[in-house]
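[1] structure here, sequence nowhere to be found:
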């Protein structure tokens, strides 16, 4: 956590001087200044930038021929001198070797970064929209709306969500034509990921709606929708960003778990699916499991560090 | 202490809340399964010489010719008689199959939960009393790693270290290789074992799955205990207790602990749903014959009676666990009356 409790007099004076400097800075500038000082959060940000770079550069590297196509199985029949074959050891042609079907592992690791980020962020965006609708209406209007919506939230909180996600993905992929597998996974993760955030948004809205400036806006005849979007939402944004960041980490873990059980999309390079395919031979070639496992670990770690850092930076009580 | 009548009133209210949850979950599951199509076609896939009569009779036998809401009520009515239907794949009543599975799941989940809470309390208190020491840094780093690593990766590592290729690690540490089985809940001939050996065998098989679950649960809980304890230790009443000359041990375990545990108890209530629902992954890694493992197997084969039964049983278990947690909440925090 923060070292605010341990400040000496000298540090306190420095902080005070800094506060004088910060007069006139906007809220987000203050947040950034605080975030910059948190070393662990910066480590998270750097890891995240690397992974973001991998995700963005994967298509360019593939189209310029630096990396092979992640779905190309032609290397299966390449001679060993060219590093081909099933689960071939690392060589100059395939720096991390090939997988069971002869596909290049390094290329799949790069493309997997893209999949992980897309799944994590898009699913969380869906969750946020639902959470904002449920939590916002519930906190703003209260009364019977609140009672019904919170009952719904509680039902979603105590459901064995992962089991129902598995069932839903299985059945949707049976009904829906194959080829949309990743989007099925994303929407299912999004549909079930909102209850925690809805509760948090509800609490924020409940707190903010009684403040004077909201009362004033209401007296002036501003519509409910405008009050919610323009006056309350910007002030509730801090905690929402923190839950959003931590939620991305949770979604990436869930996607890995789903793929590990064989409920992901096999046509898209995904780290969880790579572990699933390498698992049968883990005692002979653990490296094929270790590469994607470490990628998942570092990505989730980065989002968790960022989330903790943002929580500290966004909490006005901790501002000095 | 809590008065009995208020406790009863509270229990009734919690049970009343459980009813919409129960129906919500079963209706969602039911709707999903109805959307998947006709199970008779699935059952007869690949079977030669099927006449329309056979299909008609099967549909009548499983009540599939009735409207969907009527089928749902049949299912609910049968449920209260303890009848979950007949598994398509095993061709046996689901209730006979599912009880041993539930026992196996509860065995590892509850052991891990208890171990994780106990260890997390002690480690968390130590770490809160020595903030920013090396031990505290180690604990927080471990907690962060624990929540960032997928549970199946922990499982794969533990299998590699204790059950497969990497036994040189335990040899280097202890001088001899340590072996724990990586799959199953019993030895293949466990029915012939005398009683003490049977227990020892079951415990031996439990070690790896329980270890992995404990690590993952503990990583979550230790952060909460540490944070709660640090906040509590700065409260005025703790300082007052310390100023009045009470021993450190007494201040922490008698005065501070109860308040520090409140966030943990709140969190466990929410986390139980996630923990039980995470069973498929853990149990698949260790081929543990529990609800989660057979649930995944049933999904591969679309064995609907088993899918419905597992989701229902897990929902009931989660609701029961939540009621227990709420009662504990009232005991831990005297300010929150359960009434």
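    Received it, and whenever you're ready, just let me know what you need. Note that the structure is predicted; figures quoted are calculated from it, not measured.
[2] chain center to stretch A:274-290, what's the gap?
    Distance, stretch centre to chain centre, for stretch A:274-290: 25 Å (Cα atoms, centre = their mean, to the nearest Å).
[3] what is the neighbour count of residue A:212?
    By the measure other Cβ atoms under 10 Å in any protein chain shown, the count of residues near residue A:212 is 7. C-beta here means a position set from N, CA and C on the backbone, and glycine is covered the same way.
[4] from residue B:146, how far off is it?
    Computed as Cβ to Cβ, to the nearest Å, the residue A:212 to residue B:146 distance reads 44 Å.
[5] just residue A:204 next, same as before
    Where residue B:146 is concerned, residue A:204 sits at a distance of 29 Å (Cβ to Cβ).
[6] equivalent analysis for residue B:282, please.
    Taken as Cβ to Cβ, the spacing of residue B:282 relative to residue B:146 amounts to 14 Å.
[7] the more surrounded of the two?
    Using other Cβ under 10 Å, the more surrounded residue of residue B:282 and residue B:146 is residue B:282, with 27 against 19.
[8] right, and that one touches residue B:155 too?
    Yes: the pair formed by residue B:282 and residue B:155 meets the contact definition of Cβ atoms under 8 Å, at 6.5 Å.
[9] now for the two: what residues contact both?
    Taking Cβ atoms under 8 Å, 6 or more residues apart in numbering or on different chains as the contact criterion, the residues that touch both residue B:282 and residue B:155 are B:209, B:212.
[10] neighbours of residue A:315, how many?
    For residue A:315, the tally of surrounding residues (other Cβ under 10 Å) stands at 15.
[11] how about the closest residue to it other than its chain neighbours, what does it touch?
    Excluding the flanking residues, the one nearest residue A:315 by Cβ to Cβ, 6 or more residues apart in numbering or on different chains is residue A:238, at 7.6 Å. By Cβ under 8 Å, 6+ apart, the contact list for residue A:238 reads A:31, A:314, A:315.
[12] residue A:238 belongs to a helix?
    Yes: Residue A:238 sits within a helix when classified using DSSP: H, G, I helix; E, B strand; the rest coil.
[13] and the gap between it and residue B:22?
    Applying Cβ to Cβ, one obtains 37 Å for the distance of residue A:238 from residue B:22.
[14] what mean pLDDT does stretch B:305-325 get?
    Averaged over stretch B:305-325, pLDDT sits at 87.
[15] mind pulling up the pLDDT for residue 97?
    All of this refers to chain A. Residue A:97 is assigned a predicted lDDT (pLDDT) of 84.
[16] ah, I was thinking of chain B
    Taken from the predicted model, the pLDDT recorded for residue B:97 is 91.
[17] what sits up against stretch B:101-121?
    Outside stretch B:101-121, the residues within contact range by Cβ under 8 Å, 6+ apart are B:185, B:206, B:209-210, B:213-214, B:217-218, B:221-222, B:224-225, B:257, B:261, B:264, B:268, B:272, B:275-276, B:279, B:282-283, B:288-294, B:310, B:313, B:317.
[18] could you check that stretch and say which residues are buried?
    By neighbour count with 16 or more other Cβ atoms under 10 Å in any protein chain shown, stretch B:101-121 contains the buried residues B:101-102, B:104-105, B:107-109, B:111-113, B:115-117, B:119-121.
[19] among those, which ones are in helices?
    B:101-102, B:104-105, B:107-109, B:111-113, B:115-117, B:119-121 (DSSP state H).
[20] where in chain A is pLDDT low?
    A:1-25, A:176-179, A:316-320 (pLDDT under 70).
[21] quick check: longest helix of it.
    When every helix of chain A is counted residue by residue (DSSP H), the longest turns out to be helix A:105-141.
[22] can you identify the element that follows that one toward the C-terminus?
    Scanning the chain past helix A:105-141 towards its C-terminal end, the next helix or strand to appear is helix A:143-158 (assignment: DSSP states H and E).
[23] spatially central residue in chain B, please.
    Residue closest to the average C-alpha location in chain B (Cα atoms, centre = their mean): residue B:276, at 2.8 Å.
[24] list the contacts for that residue?
    Listed by Cβ under 8 Å, 6+ apart, the contact partners of residue B:276 are A:160, B:105, B:109, B:314, B:317, B:318, B:321.
[25] the fifth one - how many residues pack around it?
    Around residue B:317 sit 19 other residues, with neighbours defined as other Cβ under 10 Å.
[26] can you check residue B:96 too?
    For residue B:96, the count of nearby residues is 12 (other Cβ under 10 Å).
[27] check contacts around the closest residue to residue B:120 other than its chain neighbours.
    Using Cβ to Cβ, 6+ apart and skipping residues adjacent in sequence, the residue nearest residue B:120 is residue B:221, 3.7 Å away. Under the criterion of Cβ under 8 Å, 6+ apart, the contact list for residue B:221 reads B:116, B:117, B:120, B:124, B:264, B:267, B:268.
[28] which one of those residues is nearest to chain A?
    When these are ranked by distance to chain A (Cβ to the nearest Cβ), residue B:267 comes first, at 11.2 Å.
[29] quick check: that closest one touching residue B:222?
    No: taking Cβ under 8 Å as the contact criterion, residue B:267 and residue B:222 are not neighbours in contact, 11.6 Å apart.
[30] neighbour count winner among these two?
    The residue with the greater number of neighbours, taking residue B:267 and residue B:222 and applying other Cβ under 10 Å, is residue B:222; the counts read 25 against 16.
[31] buried set for the helix or strand containing that one?
    The secondary structure element spanning residue B:222 is helix B:195-233 (assigned by DSSP H and E). Going by neighbour count (16+ other Cβ under 10 Å), the buried part of helix B:195-233 is B:201-202, B:205-206, B:208-230, B:232-233.
[32] ok, now stretch B:14-30?
    For stretch B:14-30, by 16+ other Cβ under 10 Å, it's B:14, B:17, B:18, B:21, B:22, B:24, B:25, B:26, B:28, B:29, B:30.
[33] quick one: the strand or helix carrying residue B:320 near chain A?
    Element membership for residue B:320 (DSSP H and E) is helix B:304-332. Yes: applying Cβ under 8 Å from any Cβ of the partner chain, one finds that helix B:304-332 is in contact with chain A at B:307, B:310, B:311, B:314, B:315, B:318, B:319, B:322.
[34] so what's the fifth one closest to, chain neighbours aside?
    Going back to what we said before, that points to residue B:315. Per Cβ to Cβ, 6+ apart, closest to residue B:315 is residue B:25, 4.8 Å.
[35] OK, contacts around that neighbour?
    By Cβ under 8 Å, 6+ apart, the contact set of residue B:25 is A:155, A:159, A:160, A:164, B:311, B:312, B:315.
[36] how much space between the second one and residue B:122?
    Applying Cβ to Cβ, one obtains 33 Å for the distance of residue A:159 from residue B:122.
[37] same check, this time on the first one
    Residue A:155 sits 36 Å away from residue B:122 when distances are taken as Cβ to Cβ.
[38] who has more neighbours out of those two?
    With neighbours defined as other Cβ under 10 Å, residue A:155 and residue B:122 compare such that residue A:155 has more, 18 against 11.
[39] quick check: residues of the stretch 101-250 of chain B near chain A?
    For the stretch 101-250 of chain B, the residues found near chain A under the criterion Cβ under 8 Å from any Cβ are B:132, B:144-145, B:147-153, B:156, B:159-160, B:164-166, B:227, B:230, B:234.
[40] quick one, the helix or strand residue B:19 falls within and helix A:143-158 angle?
    Element membership for residue B:19 (DSSP H and E) is helix B:4-35. With axes from the mean of the first three to the mean of the last three Cα atoms, to 10 degrees defining the directions, helix B:4-35 sits at 70 degrees from helix A:143-158.
[41] average pLDDT across helix B:4-35?
    81.
[42] what's the answer for stretch B:260-272, then?
    Per-residue pLDDT values over stretch B:260-272 give a mean of 77.
[43] can you tell me what sits against that stretch?
    A:157, A:196, B:113, B:117, B:120-121, B:125, B:128, B:217, B:220-221, B:224-225, B:227-229, B:231-232, B:318, B:321-322, B:325-326, B:328-329, B:332-333.
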